[in-house]
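Peer 1: sequence first, then the predicted structure, then my questions.
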Amino acid sequence: MTQDEKMTSFLFRLSKDLKQKLEKRAQLENKSVNATLQEIVSVTLKDPPKQVEQGSLEQRNFLGHKVAGKEIDQINGLVSIKGIYYRYLIEGNQSVNENIDYIVIEAVGNIITLRPFTT
C-alpha cells in the first residue's frame, strides 16, 4: 500500500483569521497549506506521519527547489525538476508565467505543487 493510499481527506472549517495565519506560516516555510497543517497536527498529537519522518525522494530532494517558469511544459502539463518530469499544480490554480520562478512546496506521488517565488 502506497503512502497516498493511506491518506484521507475531510472538510475542515477555520475562522478567516486562523486560515490567514496558516497560509502565512505555510508561505514562510515554503510549504503548501496542507503540508503545514499536517505537520502541525502531527506535532500536536506527537505522532509524526512517516512521510514527515522519512519522506519520499521528491520530498527530500525537491521541497524548496526553485523552478524557472520557462521549464514548465504547459502543453503536456509537465515540469522538469533535476531531469525528471512531473505533473504539476500551481497554488491557487494560477496560470503559468514563463517570466517568473516558482518554488516546490509539496510533492505527492508524481505531482509537484508550485508557488510563485517572491523575494
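Peer 2: On my side now, so go ahead. All values derive from a computational prediction rather than experimental measurement. Numbering: from 1, shown residues only.
Peer 1: now stretch 74-81: mean pLDDT?
Peer 2: Averaged across stretch 74-81, pLDDT comes to 92.
Peer 1: mind listing what the most centrally placed residue in the chain touches?
Peer 2: For the chain, the residue nearest the mean C-alpha position is E106 (1.9 Å; C-alpha atoms, centre = their mean). Counting by C-beta atoms under 8 Å, 6 or more residues apart in numbering, E106 touches 31-32, 34-35, 63, 112-113. The C-beta positions use only the backbone N, C-alpha and C, and glycine is treated the same way.
Peer 1: distance of the nearest residue to Q74 once chain neighbours are set aside relative to F10?
Peer 2: The shortest distance from Q74 to any non-neighbouring residue, by C-beta to C-beta, 6 or more residues apart in numbering, is to V96 (5.3 Å). Distance, V96 to F10, using C-beta to C-beta, to the nearest Å: 30 Å.
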